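Engineer: what shape does this take:
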Amino acid sequence: MIEYFAVFTQGGLVLWSAEGDGLELLEPVNALVRSVLIDEKAGSSQLFTFQEHAVKWSLINKYGIVVAAVYRKLLSLLYVNDLISIVTEKFCEKYRDTLEGLSAGGPVDCTFDFDDTYERLQRAMLERDLASKLDGNRAAPRRFEDTKKGQATGEGSKSKKKKNKKKNKGVKSDGLVEE
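Structural biologist: Numbers count the residues shown, from 1 in each chain. This is a model prediction of the structure:
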């Protein structure tokens, strides 16, 4: 589960954020800004780890902003990259004029009311992720009889049974010999 999601400037000014579990996890984001963004060691999309947290983030050079998701690094959240992409798209679309002014050095003269949009996008991503995990299109495991080893073992045991039937033709199940 994402514990903290934020959109902020490369300098660290938080434009908008959402707290997943009521935890404010600014320390991993501050470490990302200090260690990667200020030192300009950034690529276009990265993973940064800090203590027990992972921060997946994306730098949008056009506006000089960063979109980041903080979660426990023990978790493997497959939908995070897609969520960052769609939030970036919707956030930039909704606040394009403000972001252009901000990237030109202007002041932030807007409150970024993005909570409802983020909740809707996150819920859709979680549902999609869950549906893909429960999807019936996954290949079912093969039965042992369908494997090469199972076929070899099965045929081998069939031929042994035939040989045993021939050997024991005159023997009853109770061990007495028929006449």
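Engineer: ok, now which ones touch the residue most central in space within the chain?
Structural biologist: With distances taken as Cα atoms, centre = their mean, the residue of the chain nearest its centroid is L78 (1.0 Å). By Cβ atoms under 8 Å, 6 or more residues apart in numbering, the residues touching L78 are D129. In this view, the C-beta of every residue, glycine as well, is placed from N, C-alpha and C.
Engineer: quick check, pLDDT for it.
Structural biologist: Reported pLDDT at L78 in the predicted model: 78.
Engineer: just confirm T49 is within a strand.
Structural biologist: Yes - per DSSP: H, G, I helix; E, B strand; the rest coil, T49 lies within a strand segment.
Engineer: secondary structure class for the residue nearest to the centre of the chain?
Structural biologist: Here L78 is recorded as coil under three-state DSSP.
Engineer: one more: V66?
Structural biologist: Criterion first, three-state DSSP; result for V66: strand.
Engineer: ok, it touching W57?
Structural biologist: Yes - between V66 and W57 there is a contact under Cβ atoms under 8 Å: 5.5 Å.
Engineer: common neighbours of those two, please.
Structural biologist: Residues touching both V66 and W57 (Cβ under 8 Å, 6+ apart) are L32.
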